[in-house]
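> Sequence first, then the predicted structure:
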Amino acid sequence: MTATPGKAPKKEKEKRQTPEERREALRYNHMMYGPTAGEMRPAAKKIIYGSAYLNHPRFQSLMTAFKKGTAYQFEVTDKGKTYTISTDESLISFDGKVIYYSRPLNRHEENLLLDRTVLLQYQSNDALIHFAFAVLRSLSDLGTPQLSYLNHQFYYDNQTLDAGVAEQGPNLLLGSYKHNKAPEKARK
């Protein structure tokens, strides 16, 4: 009974994975089996361009003034910078540059044209992107707009907006719409 108690044998520690081994194992698992349910990226939200403007009273007043051929303006702020959106008779301007303008087609309708160079100049500006789509969506006579925005670029009819500027010029005919301008009186 006089024996001294000895030390207990050491318990073997489990070998831990190093960060490099962990990354390699995850890469292999992703390659072989794909991401797990917890690793799935959330689905990208679909952006409805122009929806922020469509129900706003200032935008509605601007479009009413454009259809009547009168002047109206308001300001919008994007990323700390203020831009002026205005209409004057047959022009719609953003930050002092004409984006849309109209030309008479007949007594009751006008053609809506787009200045592609100005739209391309501001194509990274969120305020202009939404405004450009809001104008097209508010003029229901134009039908479904063929203008789209993908990967920070404007497209028209599945081609980039800058395609054809050299051959056809900067103006792009979008279609015709009915205006509310006072009709001219018949001569007597």
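Cool, got the structure. Numbers count the residues shown, from 1 in each chain.

> Could you identify the helix or strand that succeeds the helix ranked longest in the chain?
When the chain is parsed with DSSP state H, its longest helix is helix 19-33. If you walk from helix 19-33 toward the C-terminus, the next helix or strand you reach (DSSP states H and E) is helix 51-54.

> How far does that following helix sit from its chain's centre?
12 Å (C-alpha atoms, centre = their mean, to the nearest Å).

> After it, which helix or strand is next? Please name it.
Scanning onward from helix 51-54 (DSSP H and E), the first element met is helix 57-68.

> And for Leu147, the neighbour number?
Here the count is done by other C-beta atoms under 10 Å, and Leu147 has 20 residues near it. Yep, even glycine has a C-beta here, placed from its N, CA and C like the rest.

> ditto for the one 3 residues further on
Leu150 is surrounded by 8 other residues when neighbours are defined as other C-beta under 10 Å.

> doesn't Tyr72 make contact with Ser61?
Yes - assessed by C-beta atoms under 8 Å, Ser61 is found in contact with Tyr72 at 5.7 Å.

> between these two, who's got more neighbours?
Taking neighbours as other C-beta under 10 Å, Ser61 and Tyr72 compare with Tyr72 leading, 17 against 14.

> Residues in contact with stretch 87-106: which ones?
Outside stretch 87-106, the residues that touch it by C-beta atoms under 8 Å, 6 or more residues apart in numbering are 62, 65-66, 69-73, 83-86, 110-115, 118-119, 121-122, 127-128, 131-132, 135, 176-177, 179.
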